[in-house]
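Provide a 3D model corresponding to the input given below.
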Amino acid sequence: IPEKEQSMVLDYQNLEQQHLVRASRVMSPIGDDYTQYERLTWYLYNPDQSQSEMDLFFRIGADTLNYYEVSYRFDESSGARTGWKELRVDIAELSNTKLDPRDPVSGWVETTINDPETNDEYRVRVVGAPDLRRVKRYYIGTVNLEHEMPQSGYFYFNDVRLRKVKREVGIAERMGVRLNMADVIKVDLDWSRRDSDFHGLNTEVGQGFTNENLNLSTNFKVNDFIPMLGFQLPITLGKQETTRRPKYLTNSDIEIIDEDLRISQSTLENRENFSIRLRRNPSRLAITRYMLDPWNISLSGSRSNSTAPLSHGWSSGLQGSISYDLRIAGNHTLADLGPLKHVPLVRSIGLLPSKISLSGNFNNTERKTENLSPVSGEFVLQPINVTKRGTLTGNFDYMPLPISELSLTLRSERDMFREQKVMGVNIGKENQFNQSVQLKFQPPTKLGLPDKWFTRPMRDGLRALQSVKPSVTFNGAFRDNHGPNIRQTGD
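Numbering: from 1, shown residues only. All right, here's what the predicted structure looks like:
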């Protein structure tokens, strides 16, 4: 009974050709997310077969400039041209219509999609940049495209529903393999995968992309296979791969259906690295303990590349260092030279430093990037970033007297692009020189006085002074920056 109908009535009178009538409704002031559902359905009712050539449209979007429009005519139906008609639209397919080419004049997308159940074809128009993650308004209406004479009548519009809530089961997987062959060869393999729908208890939706990681590393010692006269040569090799495959296009409501498109929108990262270190086991012989054992040589490097929809990147790096670190145990003073042990104060002067540390290292890096140009649609190589730096460092610790400690550190930062060779080795020209010194005074643990009555006040005073643990420290630093960006003409 028409009088009891609770549907929305779309009544039109004397609608001329190429004219339309529409009604709108605000569904959400901030916008609702429809991407968590599979289908959008609604019902249309045509009371008269003479109206079957009128175009009925349903628009969803943010406003009159950004919306999806689905159009239907009853004469396009394979069934009855009157009565109720349920229209069904797959939301993912609807969002994918934005990928179709736009009309060069209007800037709209005009295409078709099919009903997922009846396979009826619906005309779709995409205007502006609608987003199904932020649906604010509905528009319903009819337009007279076929009739030259003005048309009058009415349609019913009812029961707009979002159906089939997406309940995809998110999966997170992880696998690890450890191989240890008597501490001679070690291999570690880790693999993990987290799909786009997996989420924790504190979130409602997944991360939006499938992430897969693979890490492989191995290390072994060459000296376990080849005799190296007490030297150790451990080698470490590693490889990492990361793949991110999106569920949606970047900053879009378009759910990716085509697997080729998903692959083209994926981000791939690869990295390989190695490290080598040469050092010697502690020796008992004094000559090897002071001449060979303190030396340490290391070399490491890596290279990586990444491929993303908007950029490509490559990088490589090589680092190396050589150091001599000698620690002299014991308290060696001039008293060890024989006759001087009877000379007060002089016999307490330190004979040898407690630490001598010298090192040199270099760091070479190169980075290249290609960015997608929005104008030409091609990747454009950006300026290449190359650095070559070196550092020379020296550290010297010395105790001149039992009441004092001296520490001196020298550091030279060098530019390897500006060559300066020493004995055929490029050490680069200096950009900056740093020097720091620390001198610390504290009471001696003993004075070496005879245990007599007349020395007792001095010994008691020393014990009282030691109980409060006083010390005096002097710190000094010097810095000279004379790099090419600082230096002026005449410097």
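
alpha carbons only for contacts and neighbour counts from here, please
Will do.

contacting residues for the nearest residue to residue 100 once chain neighbours are set aside?
Excluding the flanking residues, the one nearest residue 100 by Cα to Cα, 6 or more residues apart in numbering is residue 109, at 6.5 Å. By Cα atoms under 8 Å, 6 or more residues apart in numbering, the residues touching residue 109 are 97-98, 100-103, 124-127.

So, low pLDDT: which residues of this protein?
1-5, 79, 344-345, 444-455, 459, 462, 465-466, 468, 488-491 (pLDDT under 70).

Go again with 50.
1-3 (pLDDT under 50).

Tell me which stretches of it form helices.
In chain order, the chain shows helices spanning 91-96, 259-264, 286-291, 456-467, with DSSP state H as the criterion.

could I get these as CSV with mean neighbour count and distance to residue 245?
As requested, these are exported to CSV (neighbours: other Cα atoms under 10 Å; distance: least, Cα to Cα, whole Å):
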stretch, mean neighbour count, distance to residue 245
helix 91-96, 20, 17
helix 259-264, 13, 6
helix 286-291, 13, 56
helix 456-467, 13, 67
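
Throw those into CSV and include distance to residue 172, thanks.
As requested, the helices of the chain are exported to CSV (distance: least, Cα to Cα, whole Å):
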stretch, distance to residue 172
helix 91-96, 24
helix 259-264, 20
helix 286-291, 53
helix 456-467, 61
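
Which one of these lies nearest to residue 370?
Nearest to residue 370 among the helices of the chain is helix 259-264; the distance by Cα to Cα comes to 15.9 Å.

How about residues contacting that closest one?
Outside helix 259-264, the residues touching it (Cα under 8 Å, 6+ apart) are 245-247, 256, 309.

How much space separates the residue nearest to residue 100 from residue 38?
The span separating residue 109 from residue 38 equals 22 Å under the rule Cα to Cα, to the nearest Å.

Please apply the same query to residue 309.
The gap separating residue 309 from residue 38 is 27 Å, by Cα to Cα.

who has more neighbours, the two?
Neighbours of residue 309 and residue 38, each counted by other Cα atoms under 10 Å, are more numerous for residue 38; the result is 17 against 14.

Double-check the more buried one against residue 90; I have them as touching.
Yes: with contacts defined as Cα atoms under 8 Å, residue 38 counts as touching residue 90 at a distance of 5.9 Å.

From the chain's centroid, how far away is stretch 11-28?
Centroid separation for stretch 11-28 versus its chain: 50 Å, with Cα atoms, centre = their mean, to the nearest Å.

same thing with stretch 276-290?
That offset, for stretch 276-290, works out to 41 Å (Cα atoms, centre = their mean).

Please shift the residue numbers so they start at 43 in all later answers.
Done: numbering now begins at 43, and the last item shifts to stretch 318-332.

Which residue is the nearest non-sequential neighbour of residue 98?
residue 184 (4.4 Å).

burial of the one you found, as a residue count?
Using other Cα under 10 Å, residue 184 has 24 other residues around it.

Residue 473 now?
Counted with other Cα under 10 Å, residue 473 comes out at 20.

same thing with the one 4 residues further on?
The local packing of residue 477 (other Cα under 10 Å) involves 17 other residues.

just to revisit the earlier point, the residue nearest to residue 142 pairs with what?
With DSSP bridges as the criterion, residue 151 is bridged to residue 168.

And it, how far from residue 168?
Counting by Cα to Cα - residue 151 and residue 168 are separated by 5 Å.

so what sits against both of those two?
Between them, residue 151 and residue 168 share the contacting residues 139-140, judged by Cα under 8 Å, 6+ apart.

For stretch 277-284, which outside residues touch it?
Counting by Cα under 8 Å, 6+ apart, 253-264, 310-319 sit against stretch 277-284.

Can you flag which of these belong to strands?
Judged by DSSP state E, strands contain the following of these: 253-263, 310-319.

and those residues, which are buried?
Among these, the ones that count as buried by 16 or more other Cα atoms under 10 Å are 253-263, 310-319.

Closest to residue 245 out of the contacts of helix 301-306?
Sorting those by how near they are to residue 245, with Cα to Cα, puts residue 289 at the top with 17.3 Å.

The closest one against residue 298, yeah?
Yes: taking contact to mean Cα under 8 Å, the distance of 5.8 Å between residue 289 and residue 298 places them in contact.

ok, those two, which is more surrounded?
For residue 289 and residue 298, the more surrounded residue by other Cα under 10 Å is residue 289, and the numbers stand at 22 against 19.
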